[in-house]
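Trainee: Build the 3D model from these lines:
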Amino acid sequence: IYWADGFVLVYSITDYESYWVLRPLHQHIRRIHPNANIPLLLVANKGDLLRARQVSSTEGLQLAGELGGAYHEVSARESCEGVHEAFQQLCQELSRSIGSANGEKRRGLHLVRPKSPNMQDLKRRLKQALTSKGK
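Mentor: A predicted model of the protein is given here:
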């Protein structure tokens, strides 16, 4: 969440609980990034299970409008086309968002990511630990 350039929020049209969880999740994201204009994609999955539908398309569109994101209803089971289109749109929005920064990186919380140690350093530390235990 801290280093994200965009967010995909997914719920199932057959599970109202998964839909209701999205508002608090979005509020959490906004607390972490209060002033950032981060692209958001709301995806309603299981579009093939219309008989078991609990969340209407209208409710999904309304929530996407409230959260300020794009809305896609897909069936990951039946076709990857809808999923592909949704992610393609998010990537285009990310590209515009990053491009509009005039060459500057979007500034987040400035949390330092830990560096991954290289293999030689890990081997050296392991040898030191083993030899000191042997003594």
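Trainee: Report the secondary structure state of L9.
Mentor: At L9 the chain is in strand, as set by DSSP: H, G, I helix; E, B strand; the rest coil.
Trainee: I'd say it and L25 touch.
Mentor: Yes. With contact defined as Cβ atoms under 8 Å, L9 reaches L25; the gap is 6.4 Å. For glycine as for every other residue, the C-beta is placed from the backbone atoms N, C-alpha and C.
Trainee: Give me the more crowded residue out of those two.
Mentor: Using other Cβ atoms under 10 Å as the criterion, L9 and L25 rank with L9 on top: 21 against 14.
Trainee: Name whatever forms a beta bridge with the more buried one.
Mentor: Beta-bridge partners for L9, by DSSP bridges, are L42.
Trainee: how much space between it and M119?
Mentor: Here L9 is placed at a distance of 38 Å from M119 (Cβ to Cβ, to the nearest Å).
Trainee: swap in G60?
Mentor: 47 Å.
Trainee: Break down the chain into its helices, ranges please.
Mentor: Counting by DSSP state H, the chain has helices at residues 16-20, 22-32, 57-67, 81-99, 119-134.
Trainee: Just give me the lowest mean pLDDT stretch among those helices.
Mentor: Mean pLDDT per stretch puts helix 119-134 lowest among the helices of the chain, at a mean of 73.
Trainee: Run the chain-centre distance for that helix.
Mentor: When distances are taken as Cα atoms, centre = their mean, to the nearest Å, helix 119-134 is centred 38 Å away from the chain's centroid.
Trainee: do stretch 32-44 as well
Mentor: Worked out by Cα atoms, centre = their mean, stretch 32-44 lies 9 Å from the chain centre.
Trainee: now the end-to-end length of it.
Mentor: End-to-end distance of stretch 32-44 (Cα to Cα, to the nearest Å): 24 Å.
Trainee: Show me which parts of it are buried, residue by residue.
Mentor: H33, I38, P39, L40, L41, L42, V43, A44 (16 or more other Cβ atoms under 10 Å).
Trainee: and of the residues you listed, the nearest to E81?
Mentor: Using Cβ to Cβ, V43 comes nearest to E81 of the buried residues of stretch 32-44, at 13.4 Å.
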